[in-house]
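Novice: predicted model and sequence below, questions to follow.
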Amino acid sequence: MLSHWTTHCGLSLVHFLAFPDCGSGNGPILESVEKVLMDDFFTGVEISRINDLEVRRKVAALIQQTHANVDFGLHPIILGEKLNLNSDDMGQRNHALETLSSFMPQAAELGAKRVSLLSGPDPGPSGRAEATKLLIDSLQQLSEKARAHGLTVVLETFDREVDKKSLIGPVAEAAAVAKELRKNFPDFGLLYDQGHGLLLDEEPQAALTTIREYVVHIHVGNCVKVPGQASHGDSHPRFGFPGSENDVPELAAFIRSLFDVGYLSLDGSLNDRPGIGFEVKPQPGESSLAILVNIKRSWRDAWNLVQPPAPEPQTPRRSLDRASCADHRPSSSAIS
C-alpha cells in the first residue's frame, strides 16, 4: 500500500467551480474560502478575482494564517467576458491582454505564485497555425507582465470539439506551445485536466508522457461524454455522477499514471511536492458542501486502490568459489 498522499503531493480545490456563486468575484467568497482552508485535507486553494478590496485583504490574511498555497485562475474572466488570446482581430486580442494583465497585481496581493488560463476558441484546421502564433505572442506578453509581479503563467488544456472548443487543445500542440514559451520563460508550464483529456479522447498515460516535462499542475475531475445526457460536456460533475466517465476506479488509475510518468514520486523525494487540484462543480440540485464530501471520499478510496509497482527482480548474489572472489552486488533499479 502507498504511504499517505501527503508524502507525495499537495491537494487543492478550484474554489470558483466548487462554489460557482463566487466565480463573478462577488458572493460568499470569504466564507467559502474559509471552509476550504480550515479543512486540512486541502493544502491550497485555486481562486479567481475578488472584487471587494476588504474581502480580498481578509482572504489574503486567511491564506497566510493557514499556511496554504494559492493559485489564481483567470478562467472565469476569460470565459465570462469571452476573451480571446488568439483572436486575429487585433482589437479583441489587445482587449484580452489588457484585461488579464490588470489582474496580475490582484493575484500577487493574494499570495499567488502562478496564474492559470486557457486559450481562445479553435478557429478550425485552416486557421490553427496562425492562431497558435498569436496565442504564443499573447502568452509571452502575459508572462512578461506576470514576471514583474513575481508570477508565472500556466496554460490549461481544454476540449476542442465538445464544449469549450478551445485551440489548446491536444497535448502534442500544447507541448509545442510550451516549448516555445520556455525559451524565454523557463517557469512557464502546462496544467493537464483529467476530465478535459477524456473530452479530447486522450489516453491519460500517453498524454501525460507527451507533456511530462512541461506539466506543473494537475486537475482531477469528471465529465459526461454522451450527448443528450445530463451535464454533457465540460460541466465538471462529481465523481460517480450518472452517465459520467469517472468514479473511484478511474481516479485510482489516473493517480497510478501520475506515478508511472514521474509526476508523483513513490518515495516522496521530489524537492517540491507536486500539486493536484479538484475541478468539480455542483450540478443542478446539488450543494457545494456535498461536493466537498464527494471529493474527499472519492480521493481516499481511490488512493487506497493504488498499488505501487512490484520491485524489479534483483540479480542474486553469486556464491564465492575458487574461480572468483568478485562481489556481485544486486543491480539497483530506479522506480519512476
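Specialist: That came through, no problem.
Novice: all helices of the chain, in order?
Specialist: 15-18, 29-37, 53-65, 75-80, 90-101, 104-109, 128-147, 171-181, 194-199, 204-211, 248-260, 288-305 (DSSP state H).
Novice: just checking, what packs against the second one?
Specialist: For helix 29-37, the packing partners by 3 or more CB pairs under 8 Å, 6 or more residues apart in numbering; DSSP states H and E come out as helix 15-18, strand 44-47, helix 53-65, helix 288-305. From N, CA and C alone the C-beta is placed, and that goes for glycine too.
Novice: list the buried residues for it?
Specialist: Buried residues in helix 29-37, defined by neighbour count with 16 or more other CB atoms under 10 Å: 29-30, 32-33, 35-37.
Novice: repeat that for the longest one.
Specialist: Buried residues in helix 128-147, defined by neighbour count with 16+ other CB under 10 Å: 128, 131-132, 134-136, 138-143, 145-146.
Novice: same check on the fifth one?
Specialist: Taking 16+ other CB under 10 Å as the basis for neighbour counts, the residues of helix 90-101 that come out buried are 92-93, 96-97, 100-101.
Novice: need the residues that contact that helix.
Specialist: 74, 77-78, 81, 83-87, 117, 120, 134, 138, 141-142, 145 (CB atoms under 8 Å, 6 or more residues apart in numbering).
Novice: keeping just the C-alphas, turn that helix into PDB.
Specialist: The C-alpha trace of helix 90-101 is given here as PDB (Å, rounded to 0.1, in the frame of the first residue of the first chain):
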ATOM      1  CA  MET A  90      -6.000  43.000 -33.000                       C
ATOM      2  CA  GLY A  91      -8.500  45.000 -31.100                       C
ATOM      3  CA  GLN A  92     -10.100  41.900 -29.500                       C
ATOM      4  CA  ARG A  93      -6.700  40.400 -28.700                       C
ATOM      5  CA  ASN A  94      -5.400  43.600 -27.100                       C
ATOM      6  CA  HIS A  95      -8.600  43.900 -25.000                       C
ATOM      7  CA  ALA A  96      -7.900  40.400 -23.700                       C
ATOM      8  CA  LEU A  97      -4.300  41.200 -22.900                       C
ATOM      9  CA  GLU A  98      -5.200  44.400 -21.100                       C
ATOM     10  CA  THR A  99      -8.000  42.800 -19.200                       C
ATOM     11  CA  LEU A 100      -6.000  39.800 -18.000                       C
ATOM     12  CA  SER A 101      -2.900  41.900 -17.300                       C
END
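Novice: just the angle for it relative to helix 128-147, thanks.
Specialist: Here helix 90-101 points in a direction 30 degrees away from that of helix 128-147 (axes from the mean of the first three to the mean of the last three CA atoms, to 10 degrees).
Novice: can you give the distance from helix 90-101 to the centre of its chain?
Specialist: Put simply, helix 90-101 sits 24 Å off its chain's centre (CA atoms, centre = their mean, to the nearest Å).
Novice: and that helix, what's its mean pLDDT?
Specialist: Average pLDDT, helix 90-101: 98.
Novice: same question, the third one
Specialist: Taken as a whole, helix 53-65 carries a mean pLDDT of 98.
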